[in-house]
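In: what shape does this take:
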Amino acid sequence: MDRLSENNLLVMELFSALLHERACPFTKEEVEGFARDVGMDCHQAFCALVCAVCGLDSDLNPRHRLIVEKYIGPALKKMDTFPYKNDPFYQNVRLPEKTLGEWQLTHQQYAPYEMFCYDDPMDLPDGREIPCIGYFTETFRYPAVLQKGRLWMAITPNEVETMREDIAAAHGNILVLGLGLGYYAYMTAQMENVSRVTVVELDENVIRLFEEELLPQFPHREKIRVIHADAFSYVEKEAAKEKYDFVYADIWHDVLDGTPMYVRFKALEGWVPGAEWRYWVEKSMLIWLRGLIREEMADGKGKLFDLFAGEQMENLSDLDVLRQLAGRIPPDFLAPEK
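Out: Model (predicted):
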């Protein structure tokens, strides 16, 4: 593995550890007090504190200096709560505190200076892969749905930003695979060029919570129908009958569980003739898949190495090339071994 790939992996690991273990390592008072003490603005002070928590010493270690300047600085962004509090769903849909089976409608919050991923990584021309890590300087409370206490979907910057382009691209008769809080259905149903939104959801309790508590608040609920079915089975057996123009898949929690399902759906795209397909966090999944391919090619072993052995892999920086490769991976190729 070359040094650039090593740096990309190092930064991903640093931020993954922070977000899972210490997403809120400092209080607002600590950040602002440190800023006053050292004569920095609060954003500079926060960046310096994050670097310290990560064990990066840019004064003594040249590689650390590069990581701080080329990755940590560009990654961290002070964000404004205003556009997210003014999101149409956030403004108009009220969630009750309600539990049904293993699912819970509730609210959570980000504390001031709590870090969160707000978008897919930046994939820069020079090969750097930089996480998009944001923070607010005030408390931000948001609606969420949890499964067995695990966050499944929430109206946060990450959901809003990672769906923005896929919402804008929607048109005609839409098939949405996965329900969650119904954010994608809410946003696309408001569009004049969208005639119908069909949502396929596997869990009956999710459907019940949505239809009883959320859907009645949707301004264009007449466009929306929900079907209780397995997404893969529906695409294989039923989707072709409906003449869908657009398909949006979002049945995964994150990149790790999502990429194998993404590959399965890629193999099924032809089962919905003429439809344009979009996938939640596709860019993140392709970047992760690229890293996996490069690692196996460097090691000279692995399932992906065996699949693509003998092929030239110079164009992996092109996401369209990665989409084509993903479409060639057998459907269950990346599934976890039992």
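
In: can I see the domain layout of this structure?
Out: What automatic domain parsing lists as the domains of the chain is 3-77, 170-338.

In: JSON lines for these, including mean neighbour count and mean pLDDT?
Out: Every residue, glycine included, has its C-beta placed from N, CA and C. JSON lines is the format used below for the domains of the chain (neighbours: other CB atoms under 10 Å; pLDDT from 0 to 100):
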{"stretch": "domain 3-77", "mean neighbour count": "15", "mean pLDDT": "94"}
{"stretch": "domain 170-338", "mean neighbour count": "17", "mean pLDDT": "94"}
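
In: now render those domains as CSV, adding distance to Gln108.
Out: Shown next, in CSV, are the domains of the chain (distance: least, CB to CB, whole Å):
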stretch, distance to Gln108
domain 3-77, 12
domain 170-338, 13
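
In: skip the chain neighbours and tell me the closest residue to Phe46.
Out: Excluding the flanking residues, the one nearest Phe46 by CB to CB, 6 or more residues apart in numbering is Val31, at 5.2 Å.

In: isn't that neighbour up against Cys47?
Out: No. Counting by CB atoms under 8 Å, Cys47 is not a contact partner of Val31; they are 10.2 Å apart.

In: closest to Met153 out of the domains of the chain?
Out: Evaluated with CB to CB, the domains of the chain place domain 170-338 nearest to Met153, the distance being 3.6 Å.

In: now Phe305, nearest residue through space, not along the chain?
Out: Of all residues not flanking Phe305 in the chain, Glu296 sits nearest, at 4.0 Å (CB to CB, 6+ apart).

In: so where does the one you found fall, helix or strand?
Out: helix 282-299 (DSSP states H and E).

In: then that helix to PDB, C-alphas only?
Out: Output of helix 282-299 as PDB, limited to C-alpha atoms (Å, rounded to 0.1, in the frame of the first residue of the first chain):
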ATOM      1  CA  GLU A 282     -23.200   5.300  -2.900                       C
ATOM      2  CA  LYS A 283     -20.100   7.500  -3.100                       C
ATOM      3  CA  SER A 284     -19.000   6.300   0.400                       C
ATOM      4  CA  MET A 285     -19.600   2.700  -0.600                       C
ATOM      5  CA  LEU A 286     -17.600   3.100  -3.800                       C
ATOM      6  CA  ILE A 287     -14.700   4.700  -1.900                       C
ATOM      7  CA  TRP A 288     -14.700   1.900   0.600                       C
ATOM      8  CA  LEU A 289     -14.800  -0.700  -2.200                       C
ATOM      9  CA  ARG A 290     -11.900   1.000  -3.900                       C
ATOM     10  CA  GLY A 291      -9.800   0.800  -0.700                       C
ATOM     11  CA  LEU A 292     -10.700  -2.900  -0.400                       C
ATOM     12  CA  ILE A 293      -9.700  -3.600  -4.000                       C
ATOM     13  CA  ARG A 294      -6.400  -1.700  -3.700                       C
ATOM     14  CA  GLU A 295      -5.600  -3.500  -0.500                       C
ATOM     15  CA  GLU A 296      -6.200  -6.900  -2.000                       C
ATOM     16  CA  MET A 297      -4.300  -6.000  -5.200                       C
ATOM     17  CA  ALA A 298      -1.300  -4.900  -3.100                       C
ATOM     18  CA  ASP A 299      -1.500  -8.100  -1.000                       C
END
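
In: tell me the centre residue of this structure?
Out: Of all residues in the chain, the one closest to the mean position by CA atoms, centre = their mean is Val281, 4.4 Å from it.

In: thinking it is in contact with Pro121, fair?
Out: No. With contacts counted by CB under 8 Å, Val281 stays clear of Pro121, the gap being 9.9 Å.

In: now do the helices in the stretch 1-150 of the chain.
Out: Along the stretch 1-150 of the chain, counting by DSSP state H, counting those that start in this stretch, helices occupy 3-21, 28-38, 42-53, 62-67, 73-75, 82-85, 88-92.

In: meant to ask about the stretch 151-300 of the chain
Out: According to DSSP H, counting those that start in this stretch, the helices that the stretch 151-300 of the chain contains are 157-169, 183-189, 204-209, 231-237, 255-268, 282-299.

In: ok, the residue of the chain positioned farthest from its centre to Thr198 distance?
Out: Within the chain, Asp37 marks the point farthest from the mean C-alpha position, 37.0 Å out by CA atoms, centre = their mean. To Thr198, Asp37 is 57 Å away according to CB to CB, to the nearest Å.

In: many thanks, we can stop here.
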